[in-house]
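Trainee: just a sequence and a predicted model for now, questions to come.
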Amino acid sequence: GVCHSDLHQVRGEWPIPHFFPMVPGHEVVGEVIEVGSEVKKYKKGDRVGVGCMVDSCKSCDNCNKDLEQYCIGSGWTGTYNALIKDEAKINIKNHSMGENLYGGYSTSITVREDFVLKVPGNIPQEKAGPLLCAGITVYSPLVHFGAKKGGEGFHTAVVGFGGLGHMAVKIAKAMGNTVTVVSRGTKKMEAAKACGADNYVNSKDSKEMKAATNKFDLILNTVAANHEVREYMALLKVDGTMCMLGIPPEAFKMMAFDFIFQRKRLAGSLIGGIKETQEMLDFCAEHKLVPDTEMINAKDINKAYHKLSVGANDASRYVIDMSTLKEGLKVEEEPKIDMSSWKPHAAAMFFPPESNAHKKPQDKEQSALPSV
């Protein structure tokens with residue numbers, strides 16, 4: 001699966017270290033072709049998935065609560081754009097500072113069994129991958145903030161209707177919620193209703209936004225681009241929560257007044273632990289929920305990235321058929337992509353430093369890699 005965070009990291013748009021060469025991909029589904037001698041959970045031929053992380057300390061308070069994504073020991077290890085510095089864990093030293101992990105845009109991937117998931121048989125291969133990021137990213141906050149328990153009397157709004165948003169609608173509806181999509185313009189209204197949305201609010205229409213004031217128990221904000229977050233706080237009921245899922249590159253402004261009146265909350269959520277991710281897969285299998293996907297060949301990745309960058313991918317999730325990745329493959333360039341227009345985050349770090357093609361002579365030298 002192709003995630004918007006793949007695009008962010010390829011472009012260096014987040015204030016984090018970026019390790020190159022980078023092989024993205026954290027929505028991986030395939031068949032086990034080999035297992036180590038101590039593997040107990042899986043065997044050759046099993047259909048499995050690998051999501052956004054491939055390791056954690058497995059011993060801190062959060063890991064012991066099945067919250068590996070919030071590991072406070074060694075920190076969780078991403079499936080790609082992650083560096084292993086611990087000599088005891090390095091398999092191949094392919095980077096000057098350790099082992100640079102490569103993701104799912106590949107023909108195979110090796111992962112410890114504790115971070116591998118069983119894919120239910122009734123979920124089609126090409127539909128399963130996006131559930132391992134988009135699916136769990138929306139499922140976890142829906143459970144945590146009461147949507148699953150709230151059922152029919154719970155009103156959930158989904159801001160943004162793309163890869164994350166359309167899965168949020170499907171899962172919230174399966175939990176029995178009344179679901180409203182909030183999006184700029186009306187071009188996604190029909191698709192939202194087709195996914196099960198009960199209502200649609202055009203955020204560019206001030207009358208529609210005013211009519212939606214004090215309506216929602218939970219807002220899942222899935223927008224990954226810079227936007228005015230404050231305007232959505234007014235839509236929450238008393239004790240309502242807006243949960244940030246998309247990660248805009250820049251900071252946004254809020255005021256205390258946005259929270260104090262009606263005792264509202266702004267929260268965030270990051271994927272889910274392995275146990276909860278398996279729970280999500282089983283829930284989707286039980287309710288026959290799958291993402292809307294568009295299969296692409298490996299050579300078309302730049303075209304897919306361009307559509308993601310301009311919001312032209314509707315609500316579908318791109319999925320790469322990795323059987324099309326062959327030696328000597330020529331990636332087709334997207335003529336509309338102007339790399340000079342990319343804007344790496346001011347606090348982004350690049351390793352090795354020369355991989356940052358956007359660096360100017362007058363730019364300050366980047367800081368060293370942080371310890372965590």
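Mentor: Everything's here; your move. Residues are numbered from 1 along each chain as shown.

Trainee: in stretch 236-243, what counts as buried?
Mentor: The neighbour-count criterion (16 or more other Cβ atoms under 10 Å) identifies L236, K237, G240, T241, M242, C243 as the buried residues of stretch 236-243. In short, each C-beta sits where N, CA and C put it, glycine included.

Trainee: ok, which pair from these is furthest apart?
Mentor: The largest separation in the buried residues of stretch 236-243, counting by Cβ to Cβ, is between K237 and C243 at 14.4 Å.

Trainee: about what we covered before: ok, so of the buried residues of stretch 236-243, who is nearest L7?
Mentor: Within these, distances to L7 taken as Cβ to Cβ reach their minimum at C243, with 21.9 Å.

Trainee: partners of that closest one in the sheet?
Mentor: For C243, the beta-bridge partners are L220, A267 (DSSP bridges).

Trainee: distance of it from R47?
Mentor: Noted for C243: a distance of 31 Å to R47, by Cβ to Cβ, to the nearest Å.

Trainee: next: D61.
Mentor: D61 sits at a distance of 33 Å from R47 (criterion: Cβ to Cβ).

Trainee: okay, the two: which has more neighbours?
Mentor: Neighbour comparison, D61 and R47: the larger count goes to R47, with 16 against 11 (by other Cβ atoms under 10 Å).

Trainee: mind listing what the more buried one touches?
Mentor: Contact criterion Cβ atoms under 8 Å, 6 or more residues apart in numbering gives V29, G30, E31, V32, K118, V119, G121, Q125 as the residues in contact with R47.

Trainee: nearest residue to the fourth one other than its sequence neighbours?
Mentor: Pointing back at V32 there. D46 (4.6 Å; Cβ to Cβ, 6 or more residues apart in numbering).

Trainee: likewise the third one?
Mentor: Leaving aside its sequence neighbours, E31 sits nearest to R47 (Cβ to Cβ, 6+ apart; 5.8 Å).

Trainee: re earlier: the residue nearest to V32: neighbouring residues, count only.
Mentor: Applying the criterion other Cβ under 10 Å, we find 14 residues in the vicinity of D46.

Trainee: W342 now?
Mentor: By the measure other Cβ under 10 Å, the count of residues near W342 is 14.

Trainee: how much space between the residue lying closest to it once chain neighbours are set aside and K89?
Mentor: Nearest residue to W342 in three dimensions, chain neighbours excluded: R11, at 4.9 Å (Cβ to Cβ, 6+ apart). Computed as Cβ to Cβ, the R11 to K89 distance reads 29 Å.

Trainee: partner residues bridging D321?
Mentor: D321 has these beta-bridge partners by DSSP bridges: N297.

Trainee: that one against I301, yeah?
Mentor: No: look at D321 against I301 with Cβ atoms under 8 Å: they stay out of range, at 11.4 Å.

Trainee: the helix or strand harbouring P141 - what's its average pLDDT?
Mentor: Here P141 is covered by helix 134-144, with elements defined by DSSP states H and E. Over the span of helix 134-144, the pLDDT mean works out to 98.
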